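Colleague: generate coordinates for the sequence data below:
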Amino acid sequence: MRLSSIVAAATALLGAGVRAEIKPLPLPKSCSGVAAGRNQMTAASGWSVMKIAGGLKQVRTVIWDTEGNMLVLQNTRGASVHTFGADGCVNSTTMLISGGGLNHGLVLSPDGKKLYASSETTVYSWDYDATTRKTSNQKTIVKGMSTGVHSSRTLMVVSRQPNMLLVQVGSNSNFDMASAQKSTGRAIVKIFDVSKAPSAGYNYNSEGETFAYGLRNEIGFVEDPNGIVWGVENSGDDFTRTENGQRRDIHTDNPAEKLNKLGDPLKVRDAWFGYPTCFSVWEPSNFPNSGLKTGSHFVVSPNASFTDATCNTQAVAPRLTFQAHSAPIWNTFDKDAKNMYVTFHGSWDRQPATGFKVVQIPFTKLADGSYDPVAPADSRTGYNDIWSAPNPGSCTANGLTQSNCIRLTASSWDPAGRGLFVGSDNSAEGEIFILTPPNK
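Modeller: Sure, this is the predicted structure:
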């Protein structure tokens, strides 16, 4: 992928209506004051990697304004803005929004003039000026989101209708049975019309429309060039399967993490993806004599009222699956959506461990103009490692951010053409790296 292609892709991803002419920047070999990466990593053939920023706190999200400045959501610290010098290195860093419990969600409107960010319970908006790098006019857009084990809230502005904001809330436990009811406002992605937001903000549970539900923790999602939303889902832990009174441990290799085709947010409503009843197979050998394949849905305890077949009839199936406990966080497309890139945060519930990597999913444009992964839905080889811990099986994960390996989170293409920016929220140091593809 050549420099001009990367610039075109990233500029397009700024959003419809943005007329941004961002000057290309060189890819530096190193930057003064930026220490080497804290963890040893291995890049795929032809890819290069350099650390562009460090000393941050738990980097979760990276986005770009219309001037090419980098905005970073640092968990609980707030949102920072970073400018770049002619050498391609960061030359200034300022806290744009401090505190407020902001922990993950950060997105700009397509024209770059409205900024949205979220805490565990609340979505806020600000007017944003990319030239001065200042915010003003803070408002509450959505409030009353549930608290629980999954505290991150992902946000996305619908590019074709930028008054529509997608807001995600995960489950509040491993098996959040109550979340089967949409009214709980958990394990769900809802849509809100920000142009009609009440002065005190929408109530998340009782207002807005349901885009999709039955999503245990759909922590990352992105539009393809047609505006179809693709999400990555973190599935469950510590699973057993009970059949005919016999219970067996399947947690090492099941359930799979998911790549879900959520659909067109201007058309789809109330799509059910199975949680908390239906889960996806990664390792079929854990389900002998069932006929289930990788990507099939299963239930933990088949019974007279709900079976594997019920799930595979009623719930939307994942388009592709990832190895159990990989913990996908963010996903993004490259130019023309020829590939999707996903960051894997890494596992705590598997020995040997897995994840701690960035993967590439080849996509293709079908005859009808839609986009789809190249691999079939039952594939276990539908993605390739781009950058990973040399031996993920030796990585530890003591809690959500503590590890002897990198904890990958953000993924975002640079509008100045240097490559794919990825973040780490390891509690030892928040870091941002540039991954540059072959033939750049």
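Colleague: alpha carbons only for contacts and neighbour counts from here, please
Modeller: OK.
Colleague: got phi/psi on the closest residue to residue 37 other than its chain neighbours?
Modeller: Closest residue in space to residue 37, ignoring its immediate chain neighbours: residue 51 at 6.3 Å, by C-alpha to C-alpha, 6 or more residues apart in numbering. When read as degrees, to the nearest 10, the backbone of residue 51 gives phi -90, psi 120.
Colleague: ok, residue 51 - contacts?
Modeller: By C-alpha atoms under 8 Å, 6 or more residues apart in numbering, the contact set of residue 51 is 30, 34, 35, 36, 37, 431, 432, 433, 434.
Colleague: going through these, which ones are buried?
Modeller: 37, 431, 432, 433, 434 (16 or more other C-alpha atoms under 10 Å).
Colleague: what bridges to the third one?
Modeller: The one in question is residue 432. Beta-bridge pairing of residue 432 under DSSP bridges involves residue 53, residue 423.
Colleague: per-residue pLDDT, it?
Modeller: The model reports residue 432 with a pLDDT of 98.
Colleague: from residue 129, how far out is it?
Modeller: 24 Å (C-alpha to C-alpha, to the nearest Å).
Colleague: now do the same end-to-end measure for stretch 325-343.
Modeller: Start-to-end span of stretch 325-343 (C-alpha to C-alpha) is 13 Å.
Colleague: how far out from the middle of the chain is it?
Modeller: Here stretch 325-343 is found 8 Å from its chain centre; the criterion is C-alpha atoms, centre = their mean, to the nearest Å.
Colleague: helix or strand: which one has residue 427?
Modeller: Taking DSSP states H and E as the definition, one finds residue 427 inside no helix or strand.
Colleague: quick one: neighbours of residue 209, just the number.
Modeller: 16 (other C-alpha atoms under 10 Å).
Colleague: same thing with the one 5 residues further on?
Modeller: As a burial measure, residue 214 scores 27 neighbours (other C-alpha under 10 Å).
Colleague: next one: residue 229
Modeller: So residue 229, with other C-alpha under 10 Å, has 18 neighbours.
Colleague: could you do residue 196 as well?
Modeller: With other C-alpha under 10 Å as criterion, residue 196 counts 12.
Colleague: when you give positions from now on, start the count at 12
Modeller: Right, with 12 as the first residue, what we last looked at is residue 207.
Colleague: pretty sure residue 353 contacts residue 339?
Modeller: Yes - Residue 353 lies in contact with residue 339 (C-alpha atoms under 8 Å); the separation is 6.5 Å.
Colleague: partner strands of the helix or strand where residue 102 lies, with direction?
Modeller: Taking DSSP H and E as the definition, residue 102 sits inside strand 101-109. As defined by DSSP bridges, the strand partners of strand 101-109 come to strand 89-95 (antiparallel).
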